[in-house]
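>>> got a sequence here, can you model it:
(one chain, ligands or ions: 2)
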Amino acid sequence: MEKDIYILAVESSCDETAAAVVKNGREVLSNVIYSQIALHTEYGGVVPEIASRKHIEKINQVIGQALTDADKELSQMSAIAVTYGPGLVGALLVGVSAAKAISFASGIPLVGVHHIEGHISANYIENKELEPPFICLVVSGGHSHLVVVKDYGEYEIIGRTRDDAAGEAFDKVARAIGLGYPGGPKIDKISKEGNPEAISFPRAKVGDAEYDFSFSGLKSAVLNYLNSCQMKGEQIHTADVAASFQKAVIDVLVDHSMDAVRKYGYKKFAIAGGVASNSGLRSAFEKACKAENIAFYHPSPVYCTDNAAMIGTAAFYEYQKGVRHGFDLNAVPNLKLGERVPG
Ligand code: KG4
Ligand code: ZN
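Numbering: from 1, shown residues only. Ligands and ions are numbered 1, 2, ... in the order given. Okay, here's the model as predicted:
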């Protein structure tokens, strides 16, 4: 009988301090997330210095809790996994330093993980049958990528945003219509009361690159619409603005993704990242995939936004391939997907 592989995973790339224990890649034994959202809300977005400081305060407690919740001892772990990029450098450094210290003190190997690879891998947790190859749309606060997942750890980015990430557009528009931070969940909620056809916002195409995205024009269109209403003294119907904006984002994401699915011919499609928990986006993809007989995968909301379970899952496949990192592992804020810092 093969030995079970337990991985203790740490994630601190943005404003969530998180740790998890994952068994054999897909079984989450614990998933502890300390969200700093409340701390950053009054500034309207994440303040990097505050995020780093809070990570330092919380990281040991969160890691300890993950082991306790899983009912495991550190000595039972086969690897310590940690996100080392991309993300906020100061925030990443806290997780990387903690993981290196634990690895050094215990002699348990260290495995560095790419944050986006974690988001994609979140799909494996609840969909035990899902295996590459498939197409995955990663939409978060910092990234909008259309990715061909060729194999575990093997990716080809076929589309990316030229400006704002999808989540960033949600956050900026939410701020403009007075909903506050973080905007995504708030726009999602209020959109249910609005008419998505009320205002015609643009669906941007990026001339030469068929799968690339651009959301800054849409954001400007929303701001212009709000300004012109104010100038004319017209009342702004927040729910209609939110619903029409959300529909414009969804239309572009679905359009590009389904074009890619058709072109590449895979019968599987997945979404990942914070914006993947958007209810309108999920139902639009459910419908589009059903119409084309494509199996549609998405993580539960808790595995869409930043968490360490997804890092443990991604680390399992890296670990199986023999990837190990040394104590010179550093935070790499602009780490590219598929790029590996030598282990
Ligand atoms: O993946 P994530 O937790 O962090 C990054 O890696 O960036 O994503 C956070 C982003 C934020 O921009 C947030 O507004 C957005 O995901 N988000 C949503 C929803 N929940 C979170 N966007 C749209 N609808 C949601 N329900
Ligand atoms: Zn993320």
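
>>> show me what from the stretch 201-343 of the chain comes close to ligand 1.
By Cβ under 6 Å from any ligand atom, the residues of the stretch 201-343 of the chain that approach ligand 1 are Gly273, Gly274, Val275, Ser277, Asn278, Thr305, Asp306. C-beta here means a position set from N, CA and C on the backbone, and glycine is covered the same way.

>>> need these in JSON lines with neighbour count, can you?
What follows is these, written out as JSON lines (neighbours: other Cβ atoms under 10 Å):
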{"residue": "Gly273", "neighbour count": "29"}
{"residue": "Gly274", "neighbour count": "26"}
{"residue": "Val275", "neighbour count": "28"}
{"residue": "Ser277", "neighbour count": "22"}
{"residue": "Asn278", "neighbour count": "26"}
{"residue": "Thr305", "neighbour count": "27"}
{"residue": "Asp306", "neighbour count": "27"}
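
>>> pLDDT at the closest residue to ligand 1 within the stretch 51-200 of the chain, what is it?
The stretch 51-200 of the chain approaches ligand 1 most closely through Gly184 (2.1 Å), counting by Cβ to the nearest ligand atom. Here, the pLDDT recorded for Gly184 equals 96.

>>> pull the number of nearby residues for the residue in the stretch 1-150 of the chain that ligand 2 sits nearest to.
Among the residues of the stretch 1-150 of the chain, Ser140 lies nearest to ligand 2; the distance is 4.4 Å by Cβ to the ion. Counted with other Cβ atoms under 10 Å, residues neighbouring Ser140 total 24.

>>> what's the answer for the one 5 residues further on, then?
Close neighbours of His145, defined as other Cβ under 10 Å, add up to 24.

>>> got it, and the one 4 residues further on?
Residues lying near Val149 (other Cβ under 10 Å) number 24.

>>> list the helices and strands the helix or strand where it lies packs on?
Assessed by DSSP states H and E, Val149 sits inside strand 144-151. Counting contacts by 3 or more Cβ pairs under 8 Å, 6 or more residues apart in numbering; DSSP states H and E, the secondary-structure elements packed against strand 144-151 are helix 115-126, strand 134-139, strand 154-160, helix 238-264.

>>> could you find the closest non-adjacent residue to Gln65?
The spatially closest residue to Gln65, leaving aside those adjacent along the chain, is Val32, at 4.6 Å (Cβ to Cβ, 6 or more residues apart in numbering).

>>> tell me the domain ranges of this protein?
Using automatic domain parsing, the domain ranges for the chain come out as 6-120+304-320, 130-300.

>>> the lowest-mean-pLDDT helix or strand in the chain close to ligand 1?
Least confident helix or strand, the chain: helix 37-41 with a mean of 88, by mean pLDDT, DSSP states H and E. No - for helix 37-41, no contact with ligand 1 is found by Cβ under 6 Å from any ligand atom; the gap never falls below 9.5 Å.

>>> what is that helix packed up against?
helix 48-70.

>>> name the nearest residue to the most centrally placed residue in the chain, sequence neighbours excluded.
Nearest to the mean C-alpha position of the chain, by Cα atoms, centre = their mean, lies Gly273 at 2.6 Å. With Cβ to Cβ, 6+ apart as the criterion, Gly273 has its nearest non-adjacent residue at 3.3 Å, and that residue is Ser140.

>>> what of Lys54?
Gln36 (5.1 Å).

>>> any regions of the stretch 101-250 of the chain where pLDDT drops low?
Nowhere does the stretch 101-250 of the chain drop to pLDDT under 70.

>>> is Trp161 in contact with Leu146, as I believe?
For residue 161 the amino acid is Thr, not Trp. No - taking contacts as Cβ atoms under 8 Å, Thr161 lies outside contact range of Leu146: 9.8 Å.

>>> of those two, which one has the most company?
In terms of neighbours (other Cβ under 10 Å), Leu146 is the more surrounded of Thr161 and Leu146; the figures are 25 against 21.

>>> stretch 322-337: end-to-end distance?
18 Å (Cα to Cα, to the nearest Å).

>>> quick check: which element contains Ala18?
Assigned by DSSP H and E, Ala18 falls in strand 16-23.

>>> same check on Gly112?
Per DSSP H and E: strand 110-114 holds Gly112.

>>> just the residues contacting that strand, thanks.
For strand 110-114, contacts defined as Cβ atoms under 8 Å, 6 or more residues apart in numbering pick out 7, 9, 79-86, 96, 99-100, 103, 311, 314-315, 318-319, 323-327, 329, 335, 337-339, 341, 343.

>>> could you dump that strand to CSV, C-alpha only?
Extracted in CSV, the C-alpha atoms of strand 110-114 (Å, rounded to 0.1, in the frame of the first residue of the first chain):
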residue,chain,number,x,y,z
LEU,A,110,9.9,22.7,0.9
VAL,A,111,7.8,23.1,-2.3
GLY,A,112,7.2,26.6,-3.7
VAL,A,113,3.9,27.1,-5.6
HIS,A,114,2.7,29.6,-8.2
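
>>> and it, how far from the chain's centre?
17 Å (Cα atoms, centre = their mean, to the nearest Å).

>>> dump the residues of the stretch 201-343 of the chain next to ligand 1 into a markdown table; add secondary structure and pLDDT as well.
Formatted as a markdown table, these follow (DSSP: H, G, I helix; E, B strand; the rest coil; pLDDT from 0 to 100):
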| residue | secondary structure | pLDDT |
| --- | --- | --- |
| Gly273 | coil | 98 |
| Gly274 | helix | 96 |
| Val275 | helix | 98 |
| Ser277 | helix | 97 |
| Asn278 | coil | 98 |
| Thr305 | coil | 96 |
| Asp306 | coil | 97 |
